[in-house]
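Student: sequence and predicted structure below; questions after.
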Amino acid sequence: MLHNGVYFHSVSELEQRPGLPGLLLQRFPREVREALSAKGRTKAAESSGCEIRFVTEAPYVRITLGAREKDGRVYVFRGDFFHCAYDLKAGTAVTLQLEEPERFAEVHRSALQSGAFSSDVWRVYCDRFTAVFYDVDAFGYEVRPPHKAEMPQLTLLAYGSSITQGAGSLSHTDSYVQQAARRLGIDALNLGLSGTCYCEKEAADHLARGSGWDAAFLELGVNMRSVMDPPEFERRITYLLDEVTGRNPHKPVFVTTIYPNRATFFRDEEHVFTKRDLIFNDRLRRYVSDRNHPRLHLLEGSEIMTDFVSLTTDLIHPSDYGHIRMGENLARLLEPVLTELRTSIRETGGI
């Protein structure tokens, strides 16, 4: 999304609330947010993974931001290079002054441009809070959105639970989705919904529109085991996967079984979570096998989360270590298909 020379990545809407200044960075359109569960609506309003991106020759830039419902943190990058982090107090507009990294001028430009992003691109990455955008002030210098060539060629859509949203990592910039994207040299659209990844029809339709992504990664099941039975789970994932693959027949879609968690090792093997994990995983495997779609790829959660001690003590969310390991494994599993996709784009000029 573009606004006043600024590109808002992973933002579906810049929402103006009546009587309030600033624009809320919304990952989902209003009609999707308001069709989710009560808790899901609050999670959809979190700006996790939203980025403010722009390019300017100004040596000094001031950007004014806010946090709405709770304190938040933003991480600033120049291209792939981490620059600084800022804490934002809820309900307060904060102006950050960004300065051209002085040491960039000391090295060959080719070294600076060796990542997926151009080192000319300012990137302000939002952690898990509702971010408010007010202004970018470049003191009269031009501010423009990055060109396509200044950003990664491919974008991966990620939809899933709090694990996919980044819970457990101290910084969502280090979540396993971001870790995988960094290793693959691609962009990420993170539409994770903490505790509320229920595959609602409206969410499925939104994902299936295919806007802004080249490949999709879907982590389905763990949030649904406590709120629905296997037939309802199967109905919902069937609709979602039918829509996403049917409306995007040439785009790779990856779906993973549930990651190992405490229910995998419960002493009570008859626990409902243990049984539903097994059943839900089997339904996912059966769906992929029955459809035999050439672009639909099944991943086993145990091949992504390979180390049980990568979890935090809640035995569901990965620690920083866990997110790193998962990102490495996910990148390895996605790499052959995405390499083929890149080759296809180069040869045909599009997907």
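Tutor: Good, I have the coordinates. Numbering: from 1, shown residues only.
Student: name the nearest residue to Ser162, sequence neighbours excluded.
Tutor: Leaving aside its chain neighbours, Ser162 sits nearest to Ser194 (3.6 Å; criterion: Cβ to Cβ, 6 or more residues apart in numbering). The way it works is simple: take the backbone N, C-alpha and C, and place the C-beta from them, glycine included.
Student: and what about that neighbour, helix, strand or coil?
Tutor: Here Ser194 is recorded as coil under DSSP: H, G, I helix; E, B strand; the rest coil.
Student: list the contacts for it?
Tutor: Ser194 sits next to Lys43, Glu46, Ser161, Ser162, Gln165, Ala167 when contact means Cβ atoms under 8 Å, 6 or more residues apart in numbering.
Student: now Ala90
Tutor: Contacts of Ala90 (Cβ under 8 Å, 6+ apart): Ala67, Arg68, Glu69, Lys70, Asp71, Gly72, Phe129.
Student: quickly list what the residue nearest the centre of the chain is bridged to.
Tutor: Geometric centre of the chain, nearest residue: Asn190, 1.6 Å, by Cα atoms, centre = their mean. Here Asn190 sits in beta bridges with Ala158, going by DSSP bridges.
Student: gap between the residue nearest to Ser162 and Phe266?
Tutor: Distance, Ser194 to Phe266, using Cβ to Cβ, to the nearest Å: 23 Å.
Student: ditto for Lys39
Tutor: Note on Lys39: its distance to Phe266, by Cβ to Cβ, is 25 Å.
Student: remind me what the helix ranked longest in the chain packs against, helices and strands.
Tutor: In terms of residue count, the longest helix belonging to the chain (DSSP state H) is helix 320-348. Using 3 or more Cβ pairs under 8 Å, 6 or more residues apart in numbering; DSSP states H and E, the elements in contact with helix 320-348 are helix 176-184, strand 215-219, strand 253-256, strand 296-299, helix 301-304.
Student: spatially nearest residue to Glu300 (excluding sequence neighbours)?
Tutor: Among residues not flanking Glu300 along the chain, Thr257 sits closest, at 5.5 Å (Cβ to Cβ, 6+ apart).
Student: what of Pro252?
Tutor: Using Cβ to Cβ, 6+ apart and skipping the chain neighbours, the partner closest in space to Pro252 is Ala215 (4.4 Å).
Student: from His83, how far off is Tyr321?
Tutor: Taking Cβ to Cβ, one finds Tyr321 at 25 Å from His83.
Student: OK, contacts around the residue nearest to Asp307 when sequence neighbours are not counted?
Tutor: Once flanking residues are discounted, Asp307 sits nearest to Arg325: 5.9 Å by Cβ to Cβ, 6+ apart. By Cβ under 8 Å, 6+ apart, Arg325 lies in contact with Met305, Thr306, Asp307, Ser310, Pro318.
Student: just the residues you listed now: which is nearest His297?
Tutor: Met305 (17.4 Å; Cβ to Cβ).
Student: contacts only, for that closest one.
Tutor: Neighbours of Met305 in contact, by Cβ under 8 Å, 6+ apart: Tyr259, Pro260, Leu311, Pro318, Gly322, Arg325, Met326, Asn329.
Student: go on, Pro249?
Tutor: Neighbours of Pro249 in contact, by Cβ under 8 Å, 6+ apart: Arg295.
Student: does it sit in a helix, a strand or a coil?
Tutor: The three-state assignment at Pro249 reads coil, by three-state DSSP.
Student: same question for Leu156.
Tutor: strand.
Student: that one and Glu335: what is the separation?
Tutor: Relative to Glu335, and taking Cβ to Cβ, Leu156 is found at 12 Å.
Student: Phe28 too?
Tutor: Using Cβ to Cβ, we find Phe28 at a distance of 29 Å from Glu335.
Student: and if you look at Val222?
Tutor: Distance, Val222 to Glu335, by Cβ to Cβ: 25 Å.
Student: of the two, who's got more company?
Tutor: For Val222 and Glu335, the more surrounded residue by other Cβ atoms under 10 Å is Val222, and the numbers stand at 25 against 13.
Student: do I have it right that the more buried one meets Thr257?
Tutor: No. Using Cβ atoms under 8 Å, Val222 is not in contact with Thr257, being 9.8 Å away.
Student: what sits against the residue nearest to Arg183 when sequence neighbours are not counted?
Tutor: Excluding the flanking residues, the one nearest Arg183 by Cβ to Cβ, 6+ apart is Ala331, at 3.9 Å. By Cβ under 8 Å, 6+ apart, the contact list for Ala331 reads Gln179, Ala180, Arg183, Leu184.
Student: just the residues you listed now: which is nearest Tyr239?
Tutor: Nearest to Tyr239 among the contacts of Ala331 is Ala180, at 26.3 Å by Cβ to Cβ.
Student: any idea of the pLDDT on that closest one?
Tutor: Here, the pLDDT recorded for Ala180 equals 99.
Student: same check, this time on Ile345
Tutor: At Ile345, the pLDDT value in this model is 87.
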